[in-house]
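A.B. asks: take this sequence and fold it.
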Amino acid sequence: MGNNIILIGLPGSGKTTVGKLLAKKLEYQFIDMDSLIEEFEGLSIKDIFTQKSEEYFRELETRIIKSFSGIEKKVISTGGGTFEKEENQQLLKNLGKVIYLYTDPETIYERIKNDKGRPLLQTENPLETLKKLFSQREKNYKFADYTIDTTNNNPYNVIDEIIKD
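C.D. replies: Numbering: from 1, shown residues only. Modelled structure (predicted):
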């Protein structure tokens, strides 16, 4: 297992915020997989979903994870659904320590309710969608090496918890 730290969790759980701060503190490089995919495709995540499909996006995630083989001293923020695929779970666990940033759906909703760039939440009832995503994904998130509750936790406390593990 590498010395990388991989952050998983629902959209809005704090993966990017915590990841950037953690990377800075550890003097690691921060990698945001969604940003990497957007850069690679020249399209927003929302446009990739709309123009090419969610399945296409999920295949891109796996290809990018495979390209990470051999990297060191990285903090990687994954997309919310990246850890759904068993192949991705194994690949990520081989790269480093996988940390699930748990946040309850109601808190996530409050954090991201005005963000129109999240394609899976562009529904009639985004809170219900989040609750459904939570119940679908949590069984896979539990395969993480560690779980940290970010619901009422500030990013600096979360970083301290990650570092002490």
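A.B. asks: buried residues in whichever helix in the chain runs longest, which are they?
C.D. replies: If you go by DSSP state H, the chain has its longest helix at helix 126-141. Within helix 126-141, the residues scored as buried using 16 or more other CB atoms under 10 Å are Pro126, Thr129, Leu130, Lys131, Leu133, Phe134, Arg137, Asn140, Tyr141. Every C-beta, even on glycine, is put in place using the N, C-alpha and C of the backbone.
A.B. asks: so the fourth one touches Pro105, yeah?
C.D. replies: Meaning Lys131. Yes: Lys131 is in contact with Pro105 according to CB atoms under 8 Å; the separation is 4.7 Å.
A.B. asks: hmm, back to that, which two among the buried residues of helix 126-141 are spaced furthest apart?
C.D. replies: Pro126 and Asn140 (21.2 Å; CB to CB).
A.B. asks: before we move on, the earlier item: roughly how far is the following helix or strand past the longest helix of the chain from the heart of the chain?
C.D. replies: Counting by DSSP states H and E, the next helix or strand C-terminal to helix 126-141 is strand 146-149. How far strand 146-149 lies from its chain's middle: 13 Å, per CA atoms, centre = their mean, to the nearest Å.
A.B. asks: for Val98, which three-state class applies?
C.D. replies: strand (DSSP: H, G, I helix; E, B strand; the rest coil).
A.B. asks: most distant residue from the middle of this protein?
C.D. replies: Glu124 (23.7 Å; CA atoms, centre = their mean).
A.B. asks: what about that residue, distance to Leu26?
C.D. replies: Relative to Leu26, Glu124 is positioned 41 Å away (CB to CB, to the nearest Å).
A.B. asks: could you list the low-pLDDT ranges of this structure?
C.D. replies: 1-2, 119-120, 165 (pLDDT under 70).
A.B. asks: for the residue nearest the centre of it, which residues are in contact?
C.D. replies: The chain has Thr78 as the residue nearest its centroid, 3.1 Å off, counting by CA atoms, centre = their mean. Residues counted as contacts of Thr78 (CB atoms under 8 Å, 6 or more residues apart in numbering) are Ile6, Leu7, Ile8, Lys15, Met33, Glu61, Leu92.
A.B. asks: quick check: the third one touching Lys142?
C.D. replies: No: at 10.4 Å, Ile8 does not count as touching Lys142 under the criterion of CB under 8 Å.
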